[in-house]
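**Q** Return atomic coordinates for the entry below.
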Amino acid sequence: MPTNPKALSDLPQLAAPARRALAAAGYTRLAQLARLSEADLLALHGLGANALTTLRVALGARGLSFRPAPKPKG
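**A** Sure thing, here's the model as predicted:
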């Protein structure tokens, strides 16, 4: 019996380019994204500001957040 790949993901509904970008990078769970900074995600081709906002809200609903960006040195 085949497994439904959607059932293995807790990612929110995103536009197709963003879904493809996350899948190509191997991300299927919100907890995985909590280890990344927003800049890391924006570096993925196909993932933009709208998807980032949707992911930020979904993370917050689970008590998670993106990894903080490194502080500039100097």
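**Q** any idea of the pLDDT on the residue nearest the centre of the chain?
**A** For the chain, the residue nearest the mean C-alpha position is residue 33 (4.7 Å; C-alpha atoms, centre = their mean). If you check residue 33, the pLDDT there is 97.
**Q** Please apply the same query to residue 47.
**A** What the model reports as pLDDT for residue 47 is 97.
**Q** who's in contact with residue 42?
**A** Taking C-beta atoms under 8 Å, 6 or more residues apart in numbering, we find residue 42 in contact with 48-49, 52. Where you see a C-beta, it was placed from the backbone N, CA and C, and this is true even at glycine.
**Q** Restricted to strands, list those residues.
**A** Within those, no residue falls in strands by DSSP state E.
**Q** From those, which land in helices?
**A** Applying DSSP state H to the contacts of residue 42, the entries found in helices are 49, 52.
**Q** From the contacts of residue 42, keep the buried residues only.
**A** Buried subset of the contacts of residue 42 (neighbour count, 16 or more other C-beta atoms under 10 Å): residue 52.
**Q** what about the nearest residue in space to residue 29 that is not next to it in sequence, how many residues close to it?
**A** Nearest non-adjacent residue to residue 29, counting by C-beta to C-beta, 6 or more residues apart in numbering: residue 10, 5.7 Å away. Counted with other C-beta atoms under 10 Å, the neighbours of residue 10 add up to 12.
**Q** what about this protein, any weak spots by pLDDT?
**A** 1-7, 74 (pLDDT under 70).
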